[in-house]
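Trainee: missing the sequence, but the structure's below:
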C-alpha cells in the first residue's frame, strides 16, 4: 500500500516537472517569436564577379527579368566585373604606375569584353555579337539602358576599384550607382530571396 | 479564340527574344486599367512557359493562349 502511494507521488512530481518544463519552453518560444524579424524580401542580389561578355549578359537578363517578375534587383560588380562599368569616353588622371597598367590591360567598358569560351582571338566574340543582333538579342548597351529604366540597382565594390586603380570619374553614368563594401552586399543578400554569384 | 473578349491594348512583340517579351508585357499591362484586357503577340517559344510564370507571379490572368504559324498570342487580363 505504501509503495503504491510513493509511486503515485513520484508520478505527480514528474507531471509537475513536465508542466514546468512546458512553461519554460513556452516562455522561450515566446521570446524567440518576439525577436523574429520580417522574412526575406522579394529581391534578387547578384554578384557580378566575372568580366566575361556571356556571363555579364546573363546577369543583366536575370536582373531585368526579375524586375518584370515584380522583384527588386541589385547587382554588385566586383573584381573582373568592375571594368565592365568603365566608360571608354571618360579618362581619369592621377593614377600610379600599377593603376595605369591595370587601366591599360583591363577592358575599357562593356563593349570591350570577350566571351568566356570560344573567343578565338576576338573572332568568336564578334560572331556572337553579330548573331545577337540578327536574333534581336539585346546588346549590353540596350541591357544597361533597360536596367536603368527598370530601376535595377548597381553597386560597385569599392575595394576592387582601389585595387585596380579605377577612379569614379571613369565609370559610366548610371542612375543611383553606388560604391559599397561587402557589408552592404551582405545586408542586401540576407534580405533577398535569391542570391547569385556569376 | 472568342470574339466576345474586348481587347483594350495590343502589343506586337514579334522577333523579340528573352527577356524582352516579359519585360515589355509587364510594362504594358500597367498602362491599362484593372480588369482591362491586353493582347500580346510574340514569336518567342519560351514565352509559352514564361508568360504563365509571369502571370502567376504578378497576379494577372492569362485568359487565352493561341499558337498559329509560329506566332503565339496571349490574351491577358489585368487583375491587380
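Mentor: Alright, I've got the coordinates. Keep in mind that what you see is a predicted model, and the values were worked out from it rather than measured. Numbering: from 1, shown residues only, chains lettered A, B, ... in the order given.
Trainee: from here on, contacts and neighbour counts on C-alpha atoms
Mentor: Noted.
Trainee: Up against chain A, what does chain B have?
Mentor: Taking Cα under 8 Å from any Cα of the partner chain as the test, the list of chain B residues beside chain A reads B:15, B:16, B:17, B:18, B:19, B:22, B:23, B:26, B:27, B:54, B:57, B:58.
Trainee: if I pick the fifth one, what's in contact with it?
Mentor: What that stands for is residue B:19. Contacts for residue B:19 were tallied using Cα atoms under 8 Å, 6 or more residues apart in numbering or on different chains; they are A:61, A:64, A:65.
Trainee: Now the buried members of the residues of chain B next to chain A.
Mentor: Buried members of the residues of chain B next to chain A, counted by 16 or more other Cα atoms under 10 Å in any protein chain shown: B:15, B:16, B:17, B:18, B:19, B:22, B:23, B:26, B:54, B:58.
Trainee: The last one reaches residue A:71, doesn't it?
Mentor: No. The pair residue B:58 and residue A:71 does not pass the contact test of Cα atoms under 8 Å, sitting 9.5 Å apart.
Trainee: Just give the closest residue to the closest residue to chain A within chain B, not the sequence neighbours.
Mentor: Per Cα to the nearest Cα, residue B:23 is where chain B lies closest to chain A, at 4.9 Å. The shortest distance from residue B:23 to any non-neighbouring residue, by Cα to Cα, 6 or more residues apart in numbering or on different chains, is to residue A:68 (4.9 Å).
Trainee: OK, contacts around that neighbour?
Mentor: Contacts of residue A:68 were listed using Cα under 8 Å, 6+ apart, and they are B:22, B:23, B:26, B:27, B:54.
Trainee: so who does the third one touch?
Mentor: Contact criterion Cα under 8 Å, 6+ apart gives A:68, A:69 as the residues in contact with residue B:26.
Trainee: For it, pull up the helix or strand it's in.
Mentor: With elements taken from DSSP states H and E, the one containing residue B:26 is helix B:20-28.
Trainee: Measure how far the helix or strand of chain B with the lowest mean pLDDT is from the centre of its chain, please.
Mentor: Ranked by mean pLDDT, DSSP states H and E, the helix or strand of chain B with the weakest confidence is helix B:47-58, at a mean of 91. Relative to the centre of its chain, helix B:47-58 is centred 9 Å away, using Cα atoms, centre = their mean, to the nearest Å.
Trainee: Ok, stretch A:101-118 next?
Mentor: Chain-centre distance of stretch A:101-118: 21 Å, with Cα atoms, centre = their mean.
Trainee: Just the endpoints, please. Distance across it?
Mentor: Stretch A:101-118 has an end-to-end distance of 26 Å (criterion: Cα to Cα, to the nearest Å).
Trainee: ok, residues contacting that stretch?
Mentor: Surrounding stretch A:101-118, the residues in contact under the criterion Cα under 8 Å, 6+ apart are A:51-55, A:83-88, A:122, A:124-125, A:140-141, A:164-166.
Trainee: same question, stretch A:152-171
Mentor: Residues external to stretch A:152-171 that are found in contact with it (Cα under 8 Å, 6+ apart): A:63-64, A:67, A:72-79, A:82, A:85-88, A:90-92, A:95-96, A:98-100, A:102-103, A:176-182.
Trainee: what comes up buried for it?
Mentor: In stretch A:152-171, counting by 16+ other Cα under 10 Å, buried: A:152-158, A:160-161, A:164-167, A:170-171.
Trainee: quick one on the thing from earlier: filter the contacts of stretch A:101-118 to the buried ones?
Mentor: Buried subset of those (neighbour count, 16+ other Cα under 10 Å): A:51-55, A:83-87, A:125, A:140, A:164-166.
Trainee: Next up, the contacts around residue B:5.
Mentor: Taking Cα under 8 Å, 6+ apart, we find residue B:5 in contact with residue B:37.
Trainee: what about the residue most central in space within chain A, which SS state?
Mentor: Ranked by distance to the mean C-alpha position of chain A (Cα atoms, centre = their mean), the top residue is residue A:46 at 2.8 Å. Assigned by DSSP: H, G, I helix; E, B strand; the rest coil, the conformation of residue A:46 is strand.
Trainee: Contacts only, for residue B:45.
Mentor: For residue B:45, the contacting residues are residue B:72, by Cα under 8 Å, 6+ apart.
Trainee: So it, which state does it fall into?
Mentor: The three-state label given to residue B:45 by three-state DSSP is coil.
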